[in-house]
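**Student:** Provided below for reference: sequence and predicted model.
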Amino acid sequence: MSKPTHNNQAASLPSIQPGKRGILAGRTGSGKSTLAKYLMQRSGGHWVIINPKWTKAFDTLPAAKVIVGIKPKEIEKSIFDEKTRFTIINPKADEADPETLDVLIQWLHAKFTDLGIYVDELYSVHVNGRAGPGLIGVLTRGRELGQTFLGATQRPAYLSKFLFSEADYICGMSLNVREDRKRMYEFTGRDEYEIKLQPHQWLWYDVGADNLQAWGPVPVD
């Protein structure tokens with residue numbers, strides 16, 4: 001197993017194309033939120049950020065609207081507001097359970113086209129360790145509706161295999177737990193994922209092209 005060489009040429013950095021699905025996996029402090037912000041800004045279109053941990057980093061996104069609680073009318077108004085590019089939903093404590101968050105995803109999937117959906121912690125939308133109907137709907141039928149999906153997780157070992165089987169891009173960052181690194185290898189078949197990376201280094205796997213690239217540091221807009 002050879003150690004990956006990390007590229008830092010910004011001109012050729014990966015991006016999330018409309019209608020594609022991506023996963024970011026890394027421990028706290030690995031640079032997930034910074035990379036997610038960069039990818040969403042490059043992707044274009046309107047993004048809804050489901051933020052159960054109330055991560056403050058997303059508040060600095062340009063043209064962002066923060067909504068506290070799951071309020072459909074406010075969310076819809078924000079999505080259709082031409083001055084807003086990012087709708088950040090910070091669920092209240094009693095709304096941050098997997099069933100409620102999956103219903104939110106199901107509603108977004110049913111109501112809006114040409115929309116990006118980002119989930120800040122993917123296992124928070126897993127019901128008993130499995131993807132719920134809302135998440136399954138976005139991942140399987142959202143492409144034809146122009147729905148783009150990006151999600152982040154600290155513990156890929158806790159995620160369903162279905163999530164990875166539908167991914168177009170799988171990004172691995174610094175993971176302390178060997179079980180998590182092993183799962184990344186199992187999901188991709190690339191042994192580079194078993195190496196413990198330094199914070200803000202990342203491996204980007206393009207599933208369709210079967211191409212893996214190593215990058216670092218995480219870009220900042």
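**Tutor:** Received it, and whenever you're ready, just let me know what you need.
**Student:** Flag the helix or strand of the protein with the lowest per-element mean pLDDT.
**Tutor:** strand 126-127 (a mean of 86; mean pLDDT, DSSP states H and E).
**Student:** Counting by contacts, list what the next helix or strand after that one packs against.
**Tutor:** Scanning forward in sequence from strand 126-127 by DSSP states H and E, the next helix or strand is strand 130-131. The helices and strands touching strand 130-131, judged by 3 or more C-beta pairs under 8 Å, 6 or more residues apart in numbering; DSSP states H and E, are helix 161-165. (Glycine included, C-beta is placed from N, CA and C.)
**Student:** Mind pulling up the pLDDT for residue 9?
**Tutor:** Reported pLDDT at residue 9 in the predicted model: 60.
**Student:** Then residue 13?
**Tutor:** 87.
**Student:** Verify the contact between it and residue 217 for me.
**Tutor:** No: Residue 13 is beyond contact range of residue 217, at 11.4 Å (criterion: C-beta atoms under 8 Å).
**Student:** could you check the distance from residue 126 over to residue 118?
**Tutor:** 16 Å (C-beta to C-beta, to the nearest Å).
**Student:** now swap in residue 138 and tell me
**Tutor:** When residue 138 is compared with residue 118 (using C-beta to C-beta), they lie 11 Å apart.
**Student:** Which residues are in contact with each of the two?
**Tutor:** Jointly contacting residue 138 and residue 118 under the rule C-beta atoms under 8 Å, 6 or more residues apart in numbering are residue 149.
**Student:** now the helices: where do they sit in the chain?
**Tutor:** 32-43, 72-80, 98-111, 133-141, 161-165, 178-188 (DSSP state H).
**Student:** Take the ones you listed and write them to a markdown table, including mean neighbour count and distance to residue 90.
**Tutor:** Shown next, in a markdown table, are these (neighbours: other C-beta atoms under 10 Å; distance: least, C-beta to C-beta, whole Å):
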| stretch | mean neighbour count | distance to residue 90 |
| --- | --- | --- |
| helix 32-43 | 21 | 14 |
| helix 72-80 | 15 | 12 |
| helix 98-111 | 18 | 12 |
| helix 133-141 | 19 | 18 |
| helix 161-165 | 16 | 23 |
| helix 178-188 | 18 | 26 |
